[in-house]
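1. got a predicted model here, sequence first, then my questions.
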Protein chains: 2
Amino acid sequence: MLYSTILAGGSGTRLWPLSRARAPKFLHPLTGTDRSLLQATVDRVGPLSPAANVYVVTGTAHAAAISAQLPEVPAANILAEPSPKDSCAAVSLACAVLASRDPDAVMAAFSADHLIGDQDRFVEVIEQAAAAAQDGYLTTVGIRPAHAEVRFGYLKLGEPLRGEARKVAEFKEKPSHEVAAGYLESGQYLWNAGIFVFAVRTFLAELARQRPALHAGIQQIAAAWDSADAGRVLAEVWPGLEKISVDYGVLEGAAAAGKVATVPADIPWTDVGDFDSLGESLPTDESGNLLIAPDAEVLARDVKDAVVVSTTDRVIAVVGLDDVVIVDTPDAMLVCARSRAQEVKLLVEELRMRGHDARL
Amino acid sequence: MLYSTILAGGSGTRLWPLSRARAPKFLHPLTGTDRSLLQATVDRVGPLSPAANVYVVTGTAHAAAISAQLPEVPAANILAEPSPKDSCAAVSLACAVLASRDPDAVMAAFSADHLIGDQDRFVEVIEQAAAAAQDGYLTTVGIRPAHAEVRFGYLKLGEPLRGEARKVAEFKEKPSHEVAAGYLESGQYLWNAGIFVFAVRTFLAELARQRPALHAGIQQIAAAWDSADAGRVLAEVWPGLEKISVDYGVLEGAAAAGKVATVPADIPWTDVGDFDSLGESLPTDESGNLLIAPDAEVLARDVKDAVVVSTTDRVIAVVGLDDVVIVDTPDAMLVCARSRAQEVKLLVEELRMRGHDARL
């Protein structure tokens, strides 16, 4: 039986004004249904991990909202971090708490805010990754690149292992466009989609080898987690933990030591990076428009390939525009050319500088 | 001393969602200052008519809002119509009430929702028109066409009169583009800007000649206006009055009888027909953007020639768009290509069909 840990962190500033510090993107129904990205992630892992085997790591600010969205997940499985310490601490915390409850556990880690298609193949790929994890590998899922993307890190394929699994020869940083085009051409590189599967024992051993201080701190916290002492220990130890991603902190070093595998996957996958990619990922109407506006009254006259998102019950009238993003929320609205959707994060910076933290 | 009557009617559906049935365009500050179109109209006639000589004809629904915006205008000068009966009844009512108070009055009639530039020349033109009115003409102000506009009616120039005044040979309906281009080329046609100056005595005589029933009804109402009987007479007589424009109802027939003059005016004039013409009429920033958003926080990244209007305190963020109209109100928002601004009235029709009268 596989455990699934969902990392529910990050605010998604490129999805402002929908995504906010208090309501990050994983809480929003950006899935083509009324389920949030977080709920869709739990639904997706359902065939692999029943709710009792689902863990969520998140910030204390979001624990209550997550419990409300996931009533089927036991409260003891929602692990709240006092402050963000990047993905290495988050994955390590889940691993160590899980190891204290089930030392033989095999755990998959997923982001709470990704969209993944082809459910049957997804389950098959994770099962293959779990088999490689049983063989002692830290196993990633690598996505066959659909285009020369510069926003993601890449995995270089190594020698074949059992089933479809391959060793990972090397992790590659986000490339230039030229380099990304070469990766695509070669067929030897996969997108690092931030999906990992491993025996908790294997991961903690690598953590101890590569980051002994972080390992010691996490073990101290995990040992106290299910006791009355948990709050005190967490408050004491957490602030001093190293802030580093799990890729840099553990996986790159493990790959260099031949301990990382991947299962290449030809499945639709997106990190819902911005409103443009949202419009690419979800089904649209016959005019190419994506409407996520359950309570709004939308009037569109001669509008094509638009992305319209609303959390209000206002009328949204659009006339004679193509390739536009319109987002309506109670205290802020965005109107943006789809080709410029990445720049939304710069708006968030500007609003912060102007002192509008309440709108962020 | 000239009297000025301001006709404050019409809802301005092409300026939805700013302009509403309950808050028509003349109540909004679409003037480049914090004064509403109505207030700017009163300011404009100030050198000609002190506030005691200003009259306003409007619907009962707007009388209170108008009094609040114009505290200097005597309440007795705000004439409320029980129902809209087009401009002939409105002008006739003002004429008749004024005649009962000052039979020798000369009155100018203005729309409450026009923008007019070149204040000094404006005053000069109205003074010339008033002189022609003293000579017994129903006098219009004709605007020298700035382009071949099809949205306006035209006046054909006739023989010269005193000063700059000319007879009006003929009124012309809204032309086709080809006909409008010919008018522009010829130099013999002026826009009918809906500005009229006449002795109330002259107007009422023409009304009696051409529309005796309307004249009789209006006289009955005016005779009772300043009495305790006013409400009863108005309620009895008003519903039966003919609904017709002052152009069709009186001026065209008067022109045919040689009784209409015009003073040609080379002044900037617009009826603020839609958000696109608003952007053409008011001063813009260095990027060509017009912002009328006193309480909003507007962030514009690489935005040119936009018209942004807000009545809320929300953040409005715009990225990478040119020639766009964005209007934000508490219960409805509009995003529209400037070239399509005329179609906004069709949105209003669609909303009415969908039963959203509260948003209109």
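-> Okay, I see it. Model, not experiment: these values are computed from the prediction.
2. what's the closest non-adjacent residue to A:Gln219?
-> Nearest residue to A:Gln219 in three dimensions, chain neighbours excluded: A:Ala96, at 5.9 Å (Cβ to Cβ, 6 or more residues apart in numbering or on different chains). Backbone N, C-alpha and C define where each C-beta goes, glycine included.
3. packing partners of whichever strand or helix holds that neighbour?
-> For A:Ala96, the element it lies in under DSSP states H and E is helix A:86-101. Under the contact criterion of 3 or more Cβ pairs under 8 Å, 6 or more residues apart in numbering or on different chains; DSSP states H and E, helix A:86-101 touches strand A:2-8, strand A:54-59, strand A:78-81, strand A:106-111, helix A:200-210, helix A:212-225, helix A:246.
4. just checking, what packs against the third one?
-> Packing contacts for strand A:78-81, counted by 3+ Cβ pairs under 8 Å, 6+ apart, involve strand A:54-59, helix A:60-69, helix A:86-101.
5. mind checking the pLDDT average for it?
-> What strand A:78-81 shows for mean pLDDT is 97.
6. tell me the secondary structure at A:Phe196.
-> With DSSP: H, G, I helix; E, B strand; the rest coil as the basis, A:Phe196 sits in strand.
7. do I have it right that it meets A:Ala94?
-> No: contact status for A:Phe196 versus A:Ala94: not in contact, 10.8 Å apart, counting by Cβ atoms under 8 Å.
8. list residues touching both of those two?
-> Each of A:Ala109 lies in contact with both A:Phe196 and A:Ala94 under the rule Cβ atoms under 8 Å, 6 or more residues apart in numbering or on different chains.
9. what's across from the residue positioned nearest the centre of chain A in the sheet?
-> Nearest to the mean C-alpha position of chain A, counting by Cα atoms, centre = their mean, stands A:Ser111 at 2.3 Å. Judged by DSSP bridges, the bridge partners of A:Ser111 are A:Leu7.
10. thought it was touching A:Trp269?
-> No: with contacts defined as Cβ under 8 Å, A:Ser111 does not count as touching A:Trp269, sitting 10.4 Å away.
11. A:Ser339 looks like it's in a strand, true?
-> No: going by three-state DSSP, the assignment for A:Ser339 is helix, not a strand.
12. that one is in contact with A:Ser277, isn't it?
-> No: using Cβ under 8 Å, A:Ser339 is not in contact with A:Ser277, being 11.9 Å away.
13. more neighbours: which of the two?
-> In this comparison of A:Ser339 against A:Ser277, neighbours counted by other Cβ atoms under 10 Å in any protein chain shown, the higher total goes to A:Ser277 at 20 against 12.
14. OK, contacts around that one?
-> Taking Cβ under 8 Å, 6+ apart as the criterion, A:Ser277 is in contact with A:Thr270, A:Asp271, A:Ala341.
15. cool, and A:Ala130?
-> Taking Cβ under 8 Å, 6+ apart, we find A:Ala130 in contact with A:Leu2, A:Leu48, A:Val106, A:Ala108, A:Thr139, A:Val197.
16. cool, and A:Arg151?
-> The contact partners of A:Arg151, by Cβ under 8 Å, 6+ apart, come to A:Lys174, A:Asp271, A:Gly273.
17. and if you look at A:Asp226?
-> A:Asp226 touches A:Ala76, A:Val97, A:Ser100, A:Arg101, counting by Cβ under 8 Å, 6+ apart.
18. just A:Gln210 next, same as before
-> A:Gly249, A:Val250, A:Gly253, A:Ala254.
19. do that again at 7 Å, thanks
-> Taking Cβ atoms under 7 Å, 6 or more residues apart in numbering or on different chains, we find A:Gln210 in contact with A:Val250, A:Gly253.
20. distance check, it against B:Asp295.
-> Here the criterion is Cβ to Cβ, to the nearest Å. By it, A:Gln210 lies 54 Å from B:Asp295.
21. also A:Asp102?
-> Summarising the geometry, the distance separating A:Asp102 from B:Asp295, computed by Cβ to Cβ, is 57 Å.
22. A:Ile6 now?
-> A:Ile6 sits 41 Å away from B:Asp295, taking Cβ to Cβ as the criterion.
23. looking at the two now, which is surrounded by more residues?
-> Counting neighbours by other Cβ under 10 Å for A:Ile6 and for B:Asp295 shows that A:Ile6 has the greater number, 28 against 9.
24. quick one: residues contacting that one.
-> Applying Cβ under 7 Å, 6+ apart as the definition, the contact partners of A:Ile6 turn out to be A:Leu38, A:Thr41, A:Val42, A:Val54, A:Val56, A:Phe110, A:Ala112.
25. does the first one really touch A:Gln69, like I thought?
-> Yes: with the criterion set as Cβ atoms under 7 Å, A:Leu38 and A:Gln69 qualify as a contacting pair; they are 5.8 Å apart.
26. who has more neighbours, the two?
-> Neighbours per residue (other Cβ under 10 Å) separate A:Leu38 from A:Gln69, with A:Leu38 holding more: 27 against 18.
27. and that one, what does it touch?
-> By Cβ under 7 Å, 6+ apart, the residues touching A:Leu38 are A:Ile6, A:Ala8, A:Phe26, A:Leu27, A:Ile66, A:Gln69, A:Ala112.
28. identify the farthest-apart pair in those residues.
-> Pairwise distances across the contacts of A:Leu38 peak at 12.4 Å for A:Ile6 and A:Leu27 (criterion: Cβ to Cβ).
29. tell me who's in contact with A:Ala63.
-> Applying Cβ under 7 Å, 6+ apart, we find A:Ala63 in contact with A:Ile78, A:Ala80.
30. ok, now how distant is it from chain B?
-> Between A:Ala63 and chain B the distance, using Cβ to the nearest Cβ, to the nearest Å, works out to 28 Å.
31. any chance of JSON lines for the helices and strands packed on strand A:78-81, columns distance to A:Arg162 and mean pLDDT?
-> Compiled in JSON lines, those are given as follows (distance: least, Cβ to Cβ, whole Å; pLDDT from 0 to 100):
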{"stretch": "strand A:54-59", "distance to A:Arg162": "27", "mean pLDDT": "97"}
{"stretch": "helix A:60-69", "distance to A:Arg162": "36", "mean pLDDT": "96"}
{"stretch": "helix A:86-101", "distance to A:Arg162": "23", "mean pLDDT": "97"}
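32. show me what contacts the residue of the stretch 1-150 of chain A found nearest chain B?
-> The nearest approach of the stretch 1-150 of chain A to chain B comes at A:Pro17, 7.0 Å away (Cβ to the nearest Cβ). When the contact criterion is Cβ under 7 Å, 6+ apart, the partners of A:Pro17 are A:Val327, A:Thr329, A:Ala332, A:Met333, A:Leu334.
33. and the closest residue to it other than its chain neighbours, what are its bridge partners?
-> Using Cβ to Cβ, 6+ apart and skipping residues adjacent in sequence, the residue nearest A:Pro17 is A:Ala332, 3.8 Å away. Applying DSSP bridges to A:Ala332 yields these beta-bridge partners: B:Val315.
34. correct me, but A:Ala332 touches A:Arg359?
-> Yes: distance between A:Ala332 and A:Arg359: 5.1 Å, which falls inside the contact criterion (Cβ under 7 Å).
35. many thanks, have a good one.
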